[in-house]
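Student: sequence and predicted structure are below.
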Amino acid sequence: MGAIPPVYLVGAGPGDPDLLTVKALRLMQQVDAVVYDKLVSRPILDLIPAGTTRIFAGKTAKNHYMPQQEINELLVSLARNGRRVMRLKGGDPFLFGRGGEEAVYLVKHGIPFEVVPGITSSAGCAAYAGIPLTHRDLAHSVRFVTGHTQDGDFVGLDWKSLADPATTLVVYMGRTNVRRIAGELIRAGLDPTTPTAAINKGTTPEQRVLLATLETIAETIERADLSGPTLMIIGKVASLTETLAWFADAAGGEAKARS
């Protein structure tokens, strides 16, 4: 038996296929199997050659089609059988993508791997919503947090440190717990009128940007009845979407901003 081929841990970006990296696209044409998540968009999946095996691992909040341990074992099994494997994830594999967990598991089982970074949802969705995550006059730093834990019920975050008016706070997977998140930040001292944006299905033709305040964002999201991936951006920079929302025009009016 020859050398075991590396498993490629690849970021697919936030949804727009034009944001896929050149390396990711090149490897996609060369591998034998692609193990992909629910957040990988259909236009990107359509770039996988017809003869390549596709395996759906489909993880979303509170809905794991394939548990993480099974995914880890699958990657090892495919590689040991000589298959060239791509583990394709929405966004970036090392930012709330569990790519680190999978890499550690591969190392423990003697499987080589390579990481191909992707444009993370925070960067891609914010840019397409016209929201600079940092701005000299409005925000000097940015923090990234996840809006749910492994059990899906408790958000264990240091609210005091996160309630910083000079920092942009980006919340991944926070739609389900938005009311709790907003309430905790307000109780920790963040101004209830802080501009807050929710970006739904960012970088795709179905993108929607909801702009509200920290105090009203939960009601705004619930009223909009959103489904699918939603990113929250909390901070003064969020208000710039009203001025800089270029994607609605570029998409022919299909990507809409609502207040």
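Tutor: Happy to help now that I have it.

Student: please name the nearest non-neighbouring residue to Tyr36.
Tutor: Among residues not flanking Tyr36 along the chain, Leu88 sits closest, at 4.2 Å (C-beta to C-beta, 6 or more residues apart in numbering). C-beta: built from backbone N, CA, C; applies to glycine.

Student: ok, the one you found - contacts?
Tutor: Listed by C-beta atoms under 8 Å, 6 or more residues apart in numbering, the contact set of Leu88 reads 10, 12, 28, 34-37, 40, 44.

Student: got the phi and psi for it?
Tutor: phi -100, psi 120 (degrees, to the nearest 10).

Student: swap in Ile217?
Tutor: Torsion angles, degrees, to the nearest 10, at Ile217: phi -60, psi -40.

Student: which non-adjacent residue is nearest it?
Tutor: Thr196 (4.3 Å).

Student: and if you look at Tyr8?
Tutor: Met86 (4.6 Å).

Student: how long is stretch 36-52 from one end to the other?
Tutor: With C-alpha to C-alpha, to the nearest Å applied, stretch 36-52 spans 12 Å between its terminal residues.

Student: mind listing what's buried along it?
Tutor: 36-41, 44-45, 48 (16 or more other C-beta atoms under 10 Å).

Student: assign Leu133 to helix, strand or coil.
Tutor: coil (DSSP: H, G, I helix; E, B strand; the rest coil).

Student: tell me how many other residues crowd it.
Tutor: 20 (other C-beta atoms under 10 Å).

Student: below-threshold pLDDT in the protein: ranges please.
Tutor: 1-2, 59-64, 148-156, 249-259 (pLDDT under 70).

Student: please redo it, this time with the cut-off set to 50
Tutor: Scanning the chain for pLDDT under 50 picks out 154, 253-254, 256-259.

Student: domain-wise, how is it divided?
Tutor: 7-116, 121-258 (automatic domain parsing).

Student: centroid-nearest residue for this structure?
Tutor: The residue lying closest to the centre of the chain (C-alpha atoms, centre = their mean) is Ser121, at 4.1 Å.

Student: contact partners for that one?
Tutor: 14, 90-91, 172, 202, 229, 231.

Student: try 6 Å
Tutor: 14, 91, 231 (C-beta atoms under 6 Å, 6 or more residues apart in numbering).
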